[in-house]
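In: What shape does this take:
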Amino acid sequence: MNILVSGGLGYIGSHTCVALLEAGHSVIIVDNLSNSKKETAEKIINITNKQVIFYEVDLTDDKAVSMIFDNHKIDGVIHFAALKAVGESIKKPIEYYYNNLVSTMVLVKYCLKYNVNKFVFSSSATVYGENRVPFNELMELFPTTNPYGETKVMSERILKDVAQANPMFSVSILRYFNPVGAHESGLIGESPNGIPNNLMPYITQVAKGKLKKLKVFGDNYPTVDGTGVRDFIHVVDLAEGHVAALNNLKKGVHIYNLGTGKGTSVLELINAFEEANGIKIPYEVVDRRPGDIAECYADVTKAYQELGWRASRDIFRMCKDAWNFEKNNSLDY
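Out: I've put the predicted structure just below:
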């Protein structure tokens with residue numbers, strides 16, 4: 001199939017493009033480069049020995065998106081493109097609501113116009129809010145603790161309403177947890193602009209000496225060691241989950257958690273990184289971040305039963321691959 005991947009040069013998007021190409025699909029990447037780099041397209045080509053089409057386009061640009069659909073026969077869409085930092089969304093709610101909702105609506109509008117009926121949406125475990133763990137897909141969604149999470153909840157509702165009004169429209173909503181790691185080649189991985197918002201790239205940048213020490217946001221949560229607990233999943237497992245969702249699309253809306261089903265605390269992840277790579281990570285405990293919850297991990301039964309997918313790479317593999325990417329890439333990538 002010919003798949004349009006929005007945000008396809010980002011961390012998860014680039015790994016999913018690799019997985020799609022390796023599965024025999026063709027890829028059209030649309031990315032505004034707000035949190036990604038153009039060079040990633042060449043790295044995807046180097047890994048797969050296959051060509052990709054790339055448009056530097058913002059999905060809120062209605063005319064530009066229309067042109068892409070007009071120029072290509074598109075069979076399906078995987079929609080990653082979104083602003084995604086929880087803390088930043090609290091400080092910049094208008095930017096988050098505008099970008100994340102308008103981009104989804106523009107993309108869906110042209111899917112309907114051009115009869116593109118396969119749609120995979122990148123959602124987040126953030127939509128579960130303060131529900132009790134493990135999170136499962138049947139839970140009522142509590143109000144989330146941040147605007148980023150609200151944009152995902154609203155986008156899910158938009159897609160459900162669209163599918164209700166258009167019976168041929170097939171949607172897979174993927175609520176995923178905490179992707180870490182990198183492609184085994186070391187060519188692509190998580191390379192955020194500025195100070196990382198996510199834990200693993202913060203750890204790897206401390207390991208490399210880019211940052212002096214890691215900040216641990218809170219050690220007084222009701223968890224195994226007081227630090228936040230998350231379901232860390234290898235980004236390649238996550239990418240393969242998107243291909244499984246695309247290949248198993250059914251009419252209507254179907255929701256899947258993509259995680260490992262196991263929680264790991266911040267301190268446990270630091271210890272695993274130190275053990276896997278033989279590097280000490282200095283850290284300091286600071287105040288909690290607004291919007292963070294104590295525990296977040298998945299019930300992943302449904303994805304295995306309906307998609308035949310489950311995560312296979314363990315926490316040590318995640319730590320080794322993340323460090324392999326960091327140490328092999330220059331400061332400007």
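
In: In the helix ranked longest in the chain, which residues are buried?
Out: In the chain, taking DSSP state H as the definition, the longest helix is helix 93-113. For helix 93-113, burial by neighbour count (16 or more other Cβ atoms under 10 Å) applies to 96-97, 99-101, 103-104, 106-108, 110-111. Backbone N, C-alpha and C define where each C-beta goes, glycine included.

In: contacting residues around the strand or helix carrying residue 272?
Out: Assigned by DSSP states H and E, residue 272 belongs to helix 266-277. Helix 266-277 is contacted by residues 199-200, 203, 207, 214, 216-217, 224-225, 227-230, 232, 264, 279-281, 283, 315-316, 319-320, 322-323 when judged by Cβ atoms under 8 Å, 6 or more residues apart in numbering.

In: Kindly report the same for stretch 138-157.
Out: Stretch 138-157 has contacts (Cβ under 8 Å, 6+ apart) with 82-90, 93, 96-97, 100-101, 104, 121, 123-124, 126-131, 173, 255, 290-293.

In: Confirm that residue 173 sits in a strand.
Out: Yes. Assessed with DSSP: H, G, I helix; E, B strand; the rest coil, residue 173 lies in a strand.

In: And for it, nearest residue in space, chain neighbours not counted?
Out: Among residues not flanking residue 173 along the chain, residue 255 sits closest, at 4.5 Å (Cβ to Cβ, 6 or more residues apart in numbering).

In: Which residues are in contact with the one you found?
Out: Residue 255 sits next to 123, 137, 156, 172-175, 302 when contact means Cβ under 8 Å, 6+ apart.

In: and if you look at residue 57?
Out: Residue 57 touches 30-32, 64-65, 68, counting by Cβ under 8 Å, 6+ apart.

In: Tell me the one of the residues you listed nearest residue 43?
Out: The closest of the contacts of residue 57 to residue 43 turns out to be residue 31 (Cβ to Cβ; 13.4 Å).

In: Just give me the neighbour total for the closest one.
Out: Neighbour count for residue 31, taken as other Cβ atoms under 10 Å: 27.

In: What of the one 5 residues further on?
Out: As a burial measure, the neighbour count of residue 36 was computed by other Cβ under 10 Å and equals 23.

In: That one belongs to a helix, doesn't it?
Out: No. According to three-state DSSP, residue 36 belongs to no helix; its state is coil.

In: Phi first, then psi, for it.
Out: phi -160, psi 180 (degrees, to the nearest 10).

In: Touching, it and residue 5? I think so.
Out: No. Residue 36 is not in contact with residue 5 according to Cβ atoms under 8 Å; the separation is 11.7 Å.

In: Would you map the helices across the stretch 101-250 of the chain?
Out: For the stretch 101-250 of the chain, helices defined by DSSP state H, counting those that start in this stretch occupy the ranges 147-165, 199-208, 235-247.

In: Measure how the longest one sits relative to helix 93-113, angle-wise.
Out: On the basis of axes from the mean of the first three to the mean of the last three Cα atoms, to 10 degrees, helix 147-165 is oriented at 20 degrees to helix 93-113.

In: Need the CA coordinates for helix 147-165. CSV is fine.
Out: This file holds the C-alpha atoms of helix 147-165, laid out as CSV (Å, rounded to 0.1, in the frame of the first residue of the first chain):
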residue,chain,number,x,y,z
PRO,A,147,-3.9,20.0,27.4
TYR,A,148,-1.7,17.6,25.4
GLY,A,149,-3.8,14.7,26.7
GLU,A,150,-7.0,16.6,26.0
THR,A,151,-6.0,17.0,22.4
LYS,A,152,-5.6,13.3,22.1
VAL,A,153,-9.0,12.7,23.7
MET,A,154,-10.7,15.2,21.4
SER,A,155,-8.9,13.8,18.3
GLU,A,156,-10.2,10.3,19.3
ARG,A,157,-13.7,11.7,19.5
ILE,A,158,-13.4,13.4,16.2
LEU,A,159,-12.3,10.1,14.6
LYS,A,160,-15.2,8.2,16.2
ASP,A,161,-17.7,10.7,15.0
VAL,A,162,-16.3,10.6,11.5
ALA,A,163,-16.4,6.8,11.4
GLN,A,164,-20.0,6.9,12.7
ALA,A,165,-21.0,9.2,9.8
